[in-house]
Structures are given as C-alpha cells and as structure tokens.
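Asker: Coordinates for the following, if possible.
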Amino acid sequence: MNENLKQQWENLTKEMPKLRIRDAAKHLNVSEAELLSTKIGPTVKLLNPDWASFLLNTTNLGYVMALTRNESCVHERKGVYKNLSVNGQTALAVGEDIDLRIFLQNWKYGFYVEEPKENGIMRSFQFFDSKGEAVHKIYQTEKSAIDGWEIAKTQFVDETQTFIKPTSETKTKTETNDTKEIPKFLDAWSKLEDTHDFFSLLRKFNYSREFSLVAANGKFSFKISKEKLLNLMEQVSKLEMDIMIFVGNPGMIQIHTGKIQRLEPMGPWFNVLDPEFNLHLRTDQIESVWLVDKPTKDGLVTSVEVFDNEGNLILQMFGKRKPGIPQSDLWYQLTREYVDKTEKLNPSPV
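Answerer: Residues are numbered from 1 along each chain as shown. Predicted coordinates:
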C-alpha cells in the first residue's frame, strides 16, 4: 500500500470533504483504482479476476444500480442483471432494465467496497481497466438480495491478490484516415445491412469513427449543434418517446431503453433524474454532435452521436427498436428538425 498517497488523500478529503474519488485521483495525479487501493483492508478488498464467473452470478445480487461512465458522461440504471452470457472475452447482459455489452479483455482490477454513509453502509463491486480507469460499478440498493451479496463477497473476494500499480501508457490512435479511400468507403456504407457491420467497415478502411462522419457529411451524416442536442432531448421528454441511450468505455457499453422524463441542467451538467435511470452529461466537454444514417435490412437506422475534443464517443441515442423492426418514423422526422440549417438532408429514408 502507498502510505504517502493514502495520507495525501486524507488531507485532501479534509480540505474538500465532498470531493468524489474520481476527482480526488485527478487532483493527486493518480488513477482511481490506485487511489482506491490505498484503502485495501477491512472495507476494501480485491476480487479474483475471474470476471466471467462473477458476471454469470450477478443475477443473484438482485435489484441493484449499474453504473458505466466515460470522461464526459455517467449512465446509471437500476434493475436486475438478467440473461447473462459469456463468449470468450465478450459478454452480454440483456434485460429490459440492465442492458450491457461487455469487453472483458479491458478489465484488469476488481474491488469489493464498503463505504460508510449517513444511513448505513453502501456496498459495491467496482471494476477498472489496465490504466486504473473505471469500467463498471454495481451498487447495492434497499431492494438488493442481501444473501446474494454476501455469497458473492465470499466467493469472489481474494485475500491473496496484491494490487499492482496501473500502467500510465496512453494508447496511440492508429487510424490512417486516408482521404483517397472515401468514395469506396461511402459506397460500402451505402450497402450496410446491419448497424453492427459499421464497426467492421471502420476497421476495413482504418478510419476513426469521427473521421468517417466528416467524410460522410451531407450523405449519411449531418451536424447538430450542442444546444440543439439538448433541445432534442427536451422534446423527446415532452413527447414521452421511447429511445435508447448508449454510454460506454473500452470495457463496457451500457444501454437505457425507455423514456427520459425529469431533465435538470446544473452548471455544466445536463442531467436525467428519473427513478430508474440517471444520466449526467458534461455539456462543456462536447465538441461535436452528428445525426447519422445507416441502411439496414429493416430500413434506415438513425442515431445521434456525441463526441469530445479528442474524437472520443461520449454517447449515442437511437429511437427504440429491435432487430427485424423498423425504427420509429417519429424519431426519424424529429431528429431531422434539429440538424443545422446549413446541412442538406436526404429527403427520405430510402
């Protein structure tokens, strides 16, 4: 344990008692996982890194709060983990409430955590990548299965594990973004049959996601201002539309499907504060917003995609849909109302 870092955190907490651990880690120039490791002992314990087995047992935790975030957005969804499956380094949780796409090759550390709160102890399982960045967290609620939590704690806490300091290497982007290939890329885009094929298309041409949208601007992608993004979300709320909101990081994508009702801007944060779903979006970190069309066997699928100033995807929004079912025409028409007026839209989804 890094006693010096532990003392620095304690001093910082005295100065700023409401500072969250992620922000404290930034202040101290360390990762969140490294800072959390200074509390390893009675209330913080390392987990056995058998992530697949852990995930397959999450249903037994009962009703919980699942949290996934990136630098600019936090996605919190309450519910029960259902329909868990693992295939090598990829896993799924496909429930009406908790809906996850999991990439286990990017999971490195796991902790069981007990934090004292005014009304008792808040328990959680927390997972981090090789850089010590948070991948996913599971919090106990008043409706959780207490026995399930105790069994999971007993089964997966591993007192023999030792914490190894995360690497500080930054992954360099390797996309070539060759402009000469744009005509071929757009032709291939026009022949997509499934939205998931878009990832393969990017890999084939070695394009970054944001570069691809710039390349397709006016054909398959159209700019939306940050202000219009928030206006769109407000209109979705007023119309009580069912939508899908994806937020992810290299180890996890978490999806909310349903309505968004209570919208609360607070400083730089734009928040959705509903009983089962919370979203916290840092609007000051939004660099670009795009409406994106992808052809599929079921017709056109339209998404709204939000990026930061490094080209990282912050979140995606879709109209509620499932494979084999066309997207809502209302979603298609509504999103187009918020495209920048300088953009030339396709007249129809055909």
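Asker: So for Ile325, what pLDDT did the model give?
Answerer: Listed pLDDT for Ile325 reads 87.
Asker: number of nearby residues for the residue nearest to it when sequence neighbours are not counted?
Answerer: Leaving aside its sequence neighbours, Ile325 sits nearest to Asp298 (C-beta to C-beta, 6 or more residues apart in numbering; 6.5 Å). Where you see a C-beta, it was placed from the backbone N, CA and C, and this is true even at glycine. Neighbour count of Asp298, defined by other C-beta atoms under 10 Å: 16.
Asker: Hmm, Asp298 is touching Pro326, no?
Answerer: Yes. Applying C-beta atoms under 8 Å as the test, Asp298 and Pro326 come out as touching, 5.1 Å apart.
Asker: I'd like to check which residues are in contact with the residue nearest to Ile325.
Answerer: Arg321, Pro323, Gly324, Ile325, Pro326, Gln327 (C-beta atoms under 8 Å, 6 or more residues apart in numbering).
Asker: Distance of the fourth one relative to Gly319?
Answerer: Shown here: Ile325 relative to Gly319, a distance of 10 Å by C-beta to C-beta, to the nearest Å.
Asker: per-domain residue ranges of the protein.
Answerer: Structural domains assigned to the chain are 3-80+108-156, 179-336, following automatic domain parsing.
Asker: Nearest to Asp99 among the ones you listed would be which one?
Answerer: When the domains of the chain are compared for distance to Asp99 using C-beta to C-beta, the nearest one is domain 179-336, at 4.1 Å.
Asker: Compute the first-to-last residue distance for that closest one.
Answerer: End-to-end distance of domain 179-336: 27 Å, with C-alpha to C-alpha, to the nearest Å as the criterion.
Asker: give me the number of residues near Gly88?
Answerer: If you count neighbours by other C-beta under 10 Å, Gly88 ends up with 8.
Asker: And for Val292?
Answerer: Number of residues near Val292 (other C-beta under 10 Å) recorded here: 21.
Asker: what helix or strand is it on?
Answerer: Taking DSSP states H and E as the definition, one finds Val292 inside strand 288-296.
Asker: picking that back up, who's more crowded, Ile325 and Gly319?
Answerer: Between Ile325 and Gly319, Gly319 has the larger neighbour count (other C-beta under 10 Å), namely 22 against 10.
Asker: my read: that one touches Leu330, true?
Answerer: Yes. Look at Gly319 against Leu330 with C-beta under 8 Å: they come within range, at 7.5 Å.
Asker: which residues do those two both contact?
Answerer: When contacts are counted by C-beta under 8 Å, 6+ apart, Gly319 and Leu330 have Met241 as shared neighbours.
Asker: Report pLDDT for Lys341.
Answerer: 69.
Asker: Which stretches in the stretch 101-250 of the chain count as strands?
Answerer: When assigned using DSSP state E, counting those that start in this stretch, the strands of the stretch 101-250 of the chain occupy the ranges 109-117, 120-128, 134-144, 221-224, 243-249.
Asker: What helices and strands are in contact with the last one?
Answerer: It refers to strand 243-249. Judged by 3 or more C-beta pairs under 8 Å, 6 or more residues apart in numbering; DSSP states H and E, strand 243-249 is in contact with strand 62-69, strand 73-80, strand 252-258, strand 313-319.
Asker: okay, those in a markdown table with mean pLDDT and distance to Val44 next?
Answerer: Shown next, in a markdown table, are those (pLDDT from 0 to 100; distance: least, C-beta to C-beta, whole Å):
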| stretch | mean pLDDT | distance to Val44 |
| --- | --- | --- |
| strand 62-69 | 98 | 17 |
| strand 73-80 | 98 | 21 |
| strand 252-258 | 98 | 21 |
| strand 313-319 | 97 | 30 |
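Asker: Among the ones you listed, which comes closest to Ala188?
Answerer: Across those, closest to Ala188 is strand 313-319 (C-beta to C-beta), at 20.5 Å.
Asker: mind listing what's buried in stretch 43-50?
Answerer: Val44, Lys45, Leu46, Leu47, Pro49 (16 or more other C-beta atoms under 10 Å).
Asker: Revised request: answer the last question for stretch 148-162.
Answerer: Across stretch 148-162, burial judged by 16+ other C-beta under 10 Å covers Gly148, Trp149, Ala152, Phe156, Val157, Gln161.
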